[in-house]
Each structure stands twice: as structure tokens, then as C-alpha cells.
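# Please find the sequence and the predicted model below.
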Amino acid sequence: MGDAVKRWVSMRLHDVLGMSDPALAEYLIRLTERMPSMTHVLAELEDEITIDRAVEKFIGELWDRLIKKRRGGSSSSDDGNDEERQRRRDLRERDEYAERLRKRDEERTRNVANKGEEKAFEEAAKRLLLEKEGREKILPHLRVESRRKYLVKRKDDKLRELEADIQDDEYLFDDQVLTERERKEREYKKTVLKLAKDYDRVKDAEKVQRYVMPEEGGTVDDKYVEIDDKEKKPGYEQKKWEEDQMRGTALSFGARDKAEKYHSHEYNLVLEDEIEFIKSLPLEGTREKKKKKKKKKRREEESESSSSSEEEEEEEEAPKMSEHEKKKMTIAEVRRSLPVYPFKEALLDAIAEHQVLIIEGETGSGKSTQLPQYLYHAGYCSDGKKIGCTQPRRVAAMSVAARVSEEMGKKLGNEVGYSIRFEDCTSDRTRIKYMTDGMLLREFLMDPSLEGYSVMIIDEAHERTLHTDILFGLLKDITRFRSDLKLLISSATLDSAKFSDFFDEAPIFRIPGRRYPVHIYYTKSPEANYIDAAAVTVLQIHITQHLGDVLVFLTGQEEIEACQEILTERVKALGNKIRELVVLPIYANLPSDMQAKIFEPTPPGARKVILATNIAETSLTIDGITYVIDPGYAKQNYFNARSGMESLVVVPVSRASANQRAGRAGRVGPGKCFRLYTQWAFENEMDENTIPEIQRVNLGNVVLQLKSLGIHDLINFDYLDPPPAETLILALEQLYALKALNHKGELTSTGRKMAEIPVDPMMSRMILAADQYKVVEEILTVAAMLSVNGAIFYRPKDKAIHADTARKNFFHPDGDHLTLMNVYNEWEGTEYSSQWCYEVFIQHRSMKRARDIRDQLVGLMERVEVQLTSNPGDSVAIRKAITAGYFYHVARFSKGGMYKTAKKSQTVMMHPQSCLVEDLPRWVVYHELVMTTKEYMRNVVTIDGKWLLEVAPHYYKDTEVHDATSKKMPKTLGKAREELQKDYK
DNA sequence: GAGCACTGC
């Protein structure tokens, strides 16, 4: 390192900073040498000194000097110089573009303030929704209240409840470290129970059949074994130890039913119109049916042990809450009744003391709604800064914001607001802002240090969505230099220790939850056919158990339909011997009118059975579920970076997920969960937690966003759980091929624009390329339709042929992308008619979504400085634009109806639903590869091989496009990988 | 001639 440079730096430092120091000079030189761009140097310096124009200029000069030096030292060719110059010009353009964006954003935020008027209508609609929610909020409190009074009168029942409590407590939380208070509480409960039991033993137990602890060798247990012996003699010995394990959990009858009974009863009192409660009828004429299946005789016991006559008498005594009393429950009282309330002060103290705090509490503790309010009133917004709170789902962000605004007596969108895709309901007055996690990630692009916030709350962190995981790393980084920013991570149990470790041993604050006990039942032996087993269990419950709806978790549409068939068939066979059973399916792709059915109240005397996918695990909650049946499987998406292929596979769920499912039975009262696997399997075969999304998905989009945030080293980024290196490398490689990154792995101006468009990189590249071909409107339609994940065409089993012919009417000879475009355009022609959708077997909901996405993309075009051009008839231009984005996804016809990918010569097939399946073209571009029974290309267009040279000359060579036998990987790719890997080592 | 769990920007 030349002394001349050092001298020069020292001298200039005097001018710029008014001070100089040899160490500082050396530091600056080293830094500038190390950084990939001038912008990076400035970013690095930002923490230490204020960057003004003088500093910028100085660093620019220093950069130039060192670059010249670097180049002078090496024997780089003119080519290299050109490349370098081009690179620097591009970086400059990129930064200028970013600056323009920032300015535009500033203007826009200023305008937000006066758009309040148009929102009035929206507002009214939301308030209606809110009112309903408010009622739901009050309910649990009312229930607790009436329960309290009731219990004073019925000590007996209270003891039974206590029994169940302890059992649940021990089962659910035994493996967890208890606080002193919790332990004492449990001890106390046990003592009380012991006394009561002793008392009971002296007395006689003639009327109510009491639950008996297994170690005491109760009658229930004896019967249990007896029946089992009779029915399942072979294999019994082998299973015995499993049963021993099971005894601790699969018990408790009379007491449970009792509790359930009176809860339902109260519910009746409180809810009147909403849920109709029907007294459980004496069961008759169903005994022989019950015996049919062997494994669940425990439940038969229950039917025997509970006599309904006694309960009726109790109901008379239950307290009735008058209308007047109900109205007296104010919002304030509801707030005070939440489990989080007693901890308010302690919580605020802890937050004041620590910068990062992990808050552990089950859903229902009120933390999502109360915490921001506490902080708000404690003055965290006094300096005009905001409190942010992220949610993994849109509806959650919306409804929580609505509730909080109601509680605070403010108009939604003013002090309390929310921000989700397609809908920004905030103003410059907003102090408490709820948003989806992905939205906060977007916000990072505009405000990388979150200057506008004084507190950030990451809610539902245990769900570990891709976006929350990324946020963890970014936020951890920010807290290092923004000591005034408070970070709260809110999670439901289990993971909190891990979060604490990640955030440098941040303290954990525990808040108790509020959930009713759920009893877990396991099967004795594994079930070979869990669909059939689930159906049988449903019938068992229906025949032997008190009324209460049943929720069954299945993996997908196909299983749900199969199960539905079995159930209706068997119910028909049973005829009028049993009560009515209403079977309802629910999965995301089900048309919305059919989805809505699950929320309709169960008809009097009937029982509702809901067959659901994972959608019922977190995304939607159904009231009135008392029984959950969990076969223990779910479909999960895995992305294989090697093949670039996604596969949807059925896997056993994790223990965390199974517990979440069980919890769905305990929302309105005590419930039961029947697991169609053994306890041994639960404990030994299932994973503790579901593999976090970040390790299972394609990261192209995320990598681009992180790059845009100036995070260069993605391999060593601070992840809570790191994604596979291969996935990152593939993402980098693709971004390089798409010219979003240059050969040094820096973000290019194109990349910066791509990052603005909320779609996958290949798609955003396609959109930008459409500018050149003057078909932006068309490509946006294609992009929007592709983004609605394959849920456009509705294909009911009974009308499959009609649906298929309807679909064929949209076919475009050039491929599926254009077919989709046809669909959209025709729909647009009908003025977005839902009737039309219904007639041609198209899902209206998906179309609306496509329209939303398209509108957003259209709005973003100005932002990425692209003109809205259109040329609907130019199929070639449209397909060229598609190819410009998806040249990575090219396949060539090989033989025997098979294709080979241009990239890795993988054998792939045309998807049978594609419009090109009849007449296989030579060259195709596919949107995605899916692994089902075979490796299929889904959504395909035909192209001309020669276009590849025009559209991606850096990626394809002449020979590859013409010569059918060529199979080598293009050289540029190898080089790119090499270069990138070197950079990230 | 097959079959798309669920979110999110």
C-alpha cells in the first residue's frame, strides 16, 4: 500500500472531518479495498460518522484511486476495464434509481394523510365485522363468570375439574420447567384432590361414576383390559407395554363429560341465537355397532359412565345471566379479564430494562392486542415513533388491528392501522401498526434501519414462516446499532429458549394462556388405513359421545373426498338409528360458498363433522369443536435445489403440530383429541418441530431482497436456522443468470428493480423484459394468472368431463400461459362476472385474486419505470418475454414423449393438463417442475430454440440451440458458479 | 393420463 495514498487520505481527512489520524487513514484504506462498492463503504461508515456530501465525495475519490491502483497492479485487459466501467456505471444507475424511489415514497406518505374520506365506506364494513368479534371476545369472560358462580354451588364438580386439570397439566407441561409459582399451584391442587378423594372413598360413590387413577387399579381400567383381551388376543402381549404408557393419558370419563355438559349449557345461556345447544339424548339401539371396531372401547365406557338424568337436574341450578348483566361487560372489563392483564406492570418493567424480550404465551392470553396498547400508553410513541406488530397472516393483522382500534376508541386507520398487501390502512397519525411479516420485510427496502419504529413486535414467532425467519436476522442486526429500538418476540411455548439463545440470551417472559383441557387418546396399534380409521372414529364419537362438533385433519382434497364418501355411505346404512351427521369439507381450494358452510350453526340434534386440511390448524378457527381426530399426517412442500424441483409429499406431522391440532378441541370448553397413532409413535417417531420453511423452499426471492438491503454475505448471514447452502447457491446462480447480480455478486440496477416487484425473480425478469417487446399488459396478465397457484380451474369429481371440455375451450395453440391469458381476458370481458366463472368451471375467488395481483403489478410499473405497452395479438413477443425470464426453464423434446431440460438434461414430462399435451412441440419453456408420480412440467409454452440466443445470449450457445445431441452444461454457468462460490467462501 | 398442503409480498 502506497504511502502516497496514505498521505493523501490524511490530508483530505483534515478537510472533511476536521481531524486526522494515521490509524483512521489506514482503516479507511483497508475498508475501501475490502468493500465491493463505494456504496458499501459508505454504508459501513454510516455508524461512525455522519455522511454528508463532502464525505461522499472524498470516499468516491478514494475509491477511484484504489481501483486504479488495483487495476494498475494486475494485468487486466481492456475487456476487463470495460467490464469494470460498465459495472460501476450500473451500480451508479442502481443507486440513483434507489434514490428516486426514496423521494417518490416520501411524497406518497405525505399524500396518505388526506385520503381518509374515501375510506368511510370500507370503514363501516369493517366495524360491523368488529362488532361480531367484540362479542366473541366477551364470551369467554362471561363463561368464566357464570362458571365461577356455578362452581360455588357445586363443589363436587369443581373437584372433578381439578382432577382433570392436574392430569392435563401434568401431561401437557410435565417436561417443562415450571416456575416456583406454577409448581406450588400444582402441589396445592394435588393436595386438595387427595383430600377430596379420601373423603369420597369413605362416602360411597353410587351416583356418579368417578374417574379412577390407574395406579389404584380402578374398575375402569379393569374393564378396559378385559375388553381388549377378548377382542384383540393375538398381539396383546406385545402391545402391553404400550398400554402402560397410555394409561397416563387415556382416561378420565365421568368428570370430563360433566364439565363439558355444563359448559355447553352455559354457552346456551350466553349465546342464545348463535349456537343451539341440544341435550344429549340417551343412546339406544347402537350397542352392536359400537362393538364393531375394537380399538376405541374407552369411549364406550364413557357413554356408559355418564348418566344424563343427573346433569339435567344440575342445569336447573346453573346461574342465568341477565341481558342487563351482559351489557355491563364493558371493553375495559374484558381487557382486565385477559391473562396478560395482571402482568402489565412487570411486562413494561422488563421491556424498559431489556432491549430484546421473548414473550412466551399461548394464544388467547391477549398479548397481540394488549401489548401494543400498554406500550402506547407507557409513552413509547411520544416522540412520534410507531409500535409495529407483525402477524404471519393477513386476516390476523386486519382483525387484530380492528379490535385494538375499537378498544382504544379510535378510528381504524388513524392511531391504529394495518398494512397488508393490496391494502394499506394507515396514515401519518398511525402509532400502532399491525402488518404481515412479509410487509415489514418490504418496508425494510424503504427504511433499512426502521427509523420510524420505537418498538417492533414479532408475533407468532413459533410458526417460523420464511419471512419471520429472515426478519430475525435483520432485526438482530438493527438492535446492535439502534439501542433505542425495543424488540419483542412473541411465541407460544417450546421455541422460546431457542429464540433467547439467538438474541444473545434475551430474557423470557412467560404469560399463562387460557385454554380448556383437552384429553388425548391414542390408538393401541398403528392404523394401516387412516382414512377409514378416521371415518370409523367419527362414527364412534357420534354414537357414544355427547354432542359437540368433530374436526378431522386430513392431508388433501382427495382424502377429504374419500372420507366424505365413506361417512355418508355408512350413515346411510345406519339409517335413522343415529342422529343426523353433517359432513363438511374444508380446504383452501374449495369454492368460497362451500367453505362458508362450515361456519353455519349445526342443526338442532345434529353433529357437524368437519374434514379439513392443515388450513384448520392455524389459518381458520371453527367454533364449537369439541373433538379432534388427528391421523398425524400433512402434505409438505420440499424444494430440491439440485434438481430445482418442488415436491409435495405426505409426511408425519411434528409433535408441535399435533399439539396445535389437539388444542383446536379446547377453545369453547374441555375437549378430546383422538390420535390415530400410538403414543410410542408420538414420542419416538415424530419430530419435535416442523422443519422451518426457510429450509424447505426456493429462496430466489428472499436472496434478491437481502441483496437489495446490502447484505452481501448470504451464507454467513445470521439465521436462526440456516437454509441449505445449495439452495442459496442456486438462488445466487439464477440471479446472476437473470442479470440481477453482476459477476461480483453485487446487485445490479435491473436487480434493484426486480426486487421492487413482489414475485419470484424469474417472473420479475419476465415483466421487465416485456418492456422491450412492448407487451407489458399481456405479460402482467400472464404473471398474475401464474401467481394464483394452479387454482383457476375447478374440477369437481362428478362433473369432471364438463369441466374438462370447458377448460379446452380456452386452449391457445401456443401454450398454457396464453391459455391463462385467454381466460383472464374473457373474464374481464364479462365485467368480472362470477356467474360466468361458475358456468365455465373457473374459480371466481382465484380470478379475483389474479385481478388484485394484476392491479398491484400495474401500479408498480411506474415504480420500476416501465411503460404500460400492449399488443394482445403478438404471441411471439409475449412468448419471447416469457423466455427472457424463464430461459432457465427450457426443455427440448427428446423421444418417447419425454423432454430433457436444457440445463441439466433431466428427463421431464409434459403435464397431462397442459394444452400442449396432444401435440408435443420441440422446444418449450415451463413455469415450474413438480414431482408427483412423475416429473412434470406445469404450465408450458412452445418457443423457437433460436430465441434463446436472442433472449439469453450469455447463457446459451449457438450449438446448443441447433444441435440436438448437445448435452453439456453451458460454460458461462460453470464460471458463474465458480465466481459466486469463491465470493461466499 | 393425472391429482395443487398452507401462507405471504
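Thanks, I have the structure now.

# what residues are up against the nearest residue to A:Val653 once chain neighbours are set aside?
Distances taken as Cβ to Cβ, 6 or more residues apart in numbering place A:Ala634 nearest to A:Val653, at 5.0 Å, with adjacent residues excluded. (C-beta placed from N, C-alpha, C; glycine too.) When contacts are counted by Cβ atoms under 8 Å, 6 or more residues apart in numbering, A:Ala634 touches A:Phe553, A:Thr555, A:Thr613, A:Asn614, A:Val650, A:Val651, A:Val653, A:Ser657.

# For my notes, confirm A:Ala634 occurs in a strand.
Yes. Judged by DSSP: H, G, I helix; E, B strand; the rest coil, A:Ala634 forms part of a strand.

# who does it bridge with?
A:Val651 (DSSP bridges).

# Three-state assignment for the closest residue to A:Leu17 other than its chain neighbours, please.
In this structure, A:Leu17 finds its nearest non-sequential neighbour in A:Ile49, 6.8 Å apart by Cβ to Cβ, 6+ apart. Here A:Ile49 is recorded as coil under three-state DSSP.

# What about A:Ile49, how many residues nearby?
A count of nearby residues for A:Ile49, using other Cβ atoms under 10 Å, gives 11.

# cool, and A:Leu709?
A:Leu709 has 17 neighbours, counted by other Cβ under 10 Å.

# right, and it touches A:Leu474 too?
Yes. Using Cβ atoms under 8 Å, A:Leu709 is in contact with A:Leu474, at 7.1 Å.

# Quickly list what's touching both of the two.
Taking Cβ under 8 Å, 6+ apart as the criterion, A:Leu709 and A:Leu474 both touch A:Phe444.

# From A:Leu475, how far off is A:Leu466?
Distance from A:Leu466 to A:Leu475, counting by Cβ to Cβ, to the nearest Å: 15 Å.

# ugh, typo on my part, it should be A:His377
To A:Leu475, A:His377 is 24 Å away according to Cβ to Cβ.

# Residue of the stretch 701-850 of chain A nearest DNA strand B, please.
A:Pro758 (3.0 Å; Cβ to the nearest atom of the strand).

# Enumerate every residue touching that residue.
For A:Pro758, the contact set (Cβ under 8 Å, 6+ apart) comprises A:Arg421, A:Arg442, A:Gln856, A:Leu860.

# Make TSV out of the residues you listed and add distance to A:Arg393, pLDDT and neighbour count.
Below are these laid out as TSV (distance: Cβ to Cβ, whole Å; pLDDT from 0 to 100; neighbours: other Cβ atoms under 10 Å):
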residue	distance to A:Arg393	pLDDT	neighbour count
A:Arg421	11	88	15
A:Arg442	16	89	18
A:Gln856	18	91	16
A:Leu860	23	91	18
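
# Which members of the residues you listed occur in helices, if any?
A:Arg442, A:Gln856, A:Leu860 (DSSP state H).

# Closest one to A:Ile694 out of those residues, please.
Nearest to A:Ile694, judged by Cβ to Cβ, of the ones in helices among the contacts of A:Pro758 is A:Arg442 at 17.6 Å.

# Grab the nearest non-local neighbour of the closest one.
In space, A:Arg442 is closest to A:Pro758, 7.2 Å off (Cβ to Cβ, 6+ apart).

# Am I right that that neighbour is in a strand?
No. Counting by three-state DSSP, A:Pro758 falls outside a strand, being coil.

# measure it to A:Leu567 for me?
41 Å.

# on that earlier part again, between the contacts of A:Ala634, which is closest to DNA strand B?
Using Cβ to the nearest atom of the strand, the contacts of A:Ala634 come closest to DNA strand B at A:Thr613, 3.7 Å.

# Backbone dihedrals for the residue nearest to the closest one when sequence neighbours are not counted, both of them.
Among residues not flanking A:Thr613 along the chain, A:Tyr587 sits closest, at 4.4 Å (Cβ to Cβ, 6+ apart). When read as degrees, to the nearest 10, the backbone of A:Tyr587 gives phi -150, psi 160.

# Which pLDDT value goes with the residue of the stretch 701-850 of chain A closest to DNA strand B?
The per-residue pLDDT reported for A:Pro758 equals 91.
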